[in-house]
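*Asks:* Requesting a structural model of the entry that follows:
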Amino acid sequence: MKAIVCTQYGASEVLQLKEVEKPTPNNNEVRIKIYAAAVTPSDCAFRKADPFMIRLIYGLRKPKYSILGVELAGEVDSVGKEVTLFKKGDQVFGVSPNSFGAYAEYMCLAEDKPLITKPANATYEEAAAVCDGALTALIFLRDTAKIQRGQKVLVNGASGAVGAYAVQLARFFGAEVTGVCSTKNLEWVKSIGADKVIDYTKEDFTKSGQTYDVIFDAVGKLSFSICKGTLSQRGIYLSTVPALGTMLQMLRTSKFGSKKAMFTAAGLKQSKENLVFLKELFETGKIKAVIDRRYRMEEAAEAHKYVEKGHKRGNVVLTPQH
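*Replies:* Numbers count the residues shown, from 1 in each chain. Reported below is the predicted structural model:
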C-alpha cells in the first residue's frame, strides 16, 4: 500500500510517499481502508518536533511512528476474529491519538478506540473534518468550561478548524457567541452561527469594555493576562496551546482568584461517546463540516505548507486515491 512516511523530524519535505506493507489486523482490531484524513497544526508540530517535548514522548532522534495522521474516515476492510462492534463494509470515522497512521491507504485500529460508524449524511471528507476541531472544541467547552445556556462566549480564531466548530457548538449549547477573525472571514463566521463578529485587524476586543463568561483562544495567540480584564467575575480563559505561561496561570488561578485559566489535553480525552454526540448533531443539521481544501495523499507536503501558513478556513483534508 501507499503511505506518507516521515522518518525524521524537519520541514514538510521530510514527508515522502512510499510503498509499505499493508497492515494485518490483530484479533481485536479492524483494518480501515482510508478515504479521508485531516491535516492539522498538530500534525505539523509532530513532524517538526516543535515543541521539543514531542521528542521526549514520540522519539528523541526520529519519530517513533513514521506515518502521521490522527483523524480519519474510511471503510472497514477486514476484522480480527475477536471483533464484535464492526463488520467488513462498515463506513466509519474516528481518531487514532496514540499511534497515528491515517496518512495511508490502510490502517489498523482496535475496536475499542474512538471509532464509530460515520453519519449517514456525511461524505468521508466531512466525517474526517468533524473529527478535527469539533472533538477538541467539545472537550474544551462542554467538559472543561462547563458552558451554560445564556453565557457570553468569545472565540478567538473563529475561522480555524477548532474555532469554527467552537462557534457552532457554543451556539448549540445556547450561548451568545462572538467570533474574532480577519476581515475576509467575518460574514462566513456569522453564517456558521456567531451572533457577533469582531475584525481583529481593526478592533481589539480586550479594549471594548465588553466582558465574557468564556474566552476560548482556539489558536493560542493570546494569554490569560491579556484577557483577564475582559472576563466576567467568574470567567474562564481557555487556550488550545499548552504554553508555559498558560500552565503557570492554571496553577495560580486554581488556588487564587475567581477568574480561571484552563487547558486540557483534549486529544487524550476522546471517546466513542463524544463521536456519537457529534454524529447526532451532524445528522440533525446542528453542526456542519467546514472544509477549506482537499489534497491528494501524494500532496501531503503541500497540505502541511498550507496549514502552517495559519490562514485556513476550517479543515484541510487528505484523500488517498485507491
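*Asks:* ok, the residue lying farthest from the centre of the chain - contacts?
*Replies:* Centroid-distance maximum for the chain: Lys81 at 32.0 Å, with CA atoms, centre = their mean. By CB atoms under 8 Å, 6 or more residues apart in numbering, the contact set of Lys81 is Asn27. The C-beta positions use only the backbone N, C-alpha and C, and glycine is treated the same way.
*Asks:* doesn't Leu222 make contact with Lys228?
*Replies:* No: in this structure Lys228 lies outside contact range of Leu222 using CB atoms under 8 Å: 10.4 Å.
*Asks:* more neighbours, the two?
*Replies:* More crowded of Lys228 and Leu222, by other CB atoms under 10 Å: Leu222, with 20 against 17.
*Asks:* do you know how far that one is from Thr206?
*Replies:* Using CB to CB, to the nearest Å, Leu222 is found at 8 Å from Thr206.
*Asks:* which non-adjacent residue is nearest Arg47?
*Replies:* Cys6 (5.8 Å; CB to CB, 6 or more residues apart in numbering).
*Asks:* Correction: the previous question concerned Asp43.
*Replies:* Leu68 (5.2 Å).
*Asks:* Hmm, that neighbour is touching Tyr9, no?
*Replies:* No: contact between Leu68 and Tyr9 fails when scored by CB under 8 Å: they sit 11.5 Å apart.
*Asks:* Confirm for me that Glu19 is in contact with Ala104.
*Replies:* No: checked against CB under 8 Å, the pair Glu19 and Ala104 is beyond contact range at 10.8 Å.
*Asks:* The two: which has the busier surroundings?
*Replies:* Taking other CB under 10 Å, Glu19 and Ala104 do not tie; Ala104 has more neighbours (27 against 9).
*Asks:* Quick check: phi and psi on the residue nearest to that one when sequence neighbours are not counted?
*Replies:* Among residues not flanking Ala104 along the chain, Ala3 sits closest, at 3.6 Å (CB to CB, 6+ apart). Dihedral angles of Ala3 (phi, psi; degrees, to the nearest 10) stand at phi -150, psi 160.
*Asks:* Overlap of the contact sets of Glu19 and Ala104?
*Replies:* Met1, Lys2.
*Asks:* Partner strands of the longest strand seen in the chain and their direction?
*Replies:* Secondary structure assigned by DSSP state E gives strand 29-39 as the longest strand of the chain. Its sheet considered, strand 29-39 pairs with strand 71-79 (antiparallel), strand 106-110 (antiparallel), strand 315-319 (antiparallel) by DSSP bridges.
*Asks:* Let me know the average pLDDT across it.
*Replies:* Averaging pLDDT along strand 29-39 yields 98.
*Asks:* So what touches whichever helix or strand comes after it?
*Replies:* Using DSSP states H and E, the helix or strand that follows strand 29-39 towards the C-terminus is helix 41-48. Here helix 41-48 makes contact (CB under 8 Å, 6+ apart) with 6, 9-12, 14-15, 51, 54, 58, 63, 68-70, 100, 267, 304, 307-308.
*Asks:* my read is the residue nearest to Asp43 is in a strand, agree?
*Replies:* No: counting by DSSP: H, G, I helix; E, B strand; the rest coil, one finds Leu68 to be coil, located in no strand.
*Asks:* and Ala266, what pLDDT?
*Replies:* Here the pLDDT value assigned to Ala266 is 76.
*Asks:* helix/strand/coil for the closest residue in space to it that isn't next to it in sequence?
*Replies:* Nearest residue to Ala266, sequence neighbours excluded (CB to CB, 6+ apart): Ile139, at 4.0 Å. Applying three-state DSSP to Ile139 yields a three-state assignment of helix.
*Asks:* confidence score at the residue nearest to Arg47?
*Replies:* Value for Cys6, per-residue pLDDT: 96.
*Asks:* That one reaches Ile67, doesn't it?
*Replies:* Yes: taking CB under 8 Å as the definition, Cys6 is a contact partner of Ile67 at 7.3 Å.
*Asks:* who has more neighbours, the two?
*Replies:* Neighbours were counted for Cys6 and for Ile67 using other CB under 10 Å; Cys6 has more, 24 against 20.
*Asks:* separation between the more buried one and Ala49?
*Replies:* From Cys6 to Ala49 the distance is 10 Å (CB to CB).
*Asks:* got any residues that touch both of these two?
*Replies:* Common contact partners of Cys6 and Ala49 (CB under 8 Å, 6+ apart): Pro63.
*Asks:* Show me the shaky parts of the stretch 151-300 of the chain.
*Replies:* 242-247, 250, 254-256 (pLDDT under 70).
*Asks:* how about 90 then?
*Replies:* Scanning the stretch 151-300 of the chain for pLDDT under 90 picks out 220-221, 240-258, 260-270.
*Asks:* contacting residues around the closest residue to Lys2 other than its chain neighbours?
*Replies:* Computed as CB to CB, 6+ apart, the closest residue to Lys2 that is not its neighbour in sequence is Glu105, at 5.3 Å. Residues near Glu105 by CB under 8 Å, 6+ apart: Met1, Lys2, Ala3, Lys22, Lys33, Ile34, Met297, Pro320, His322.
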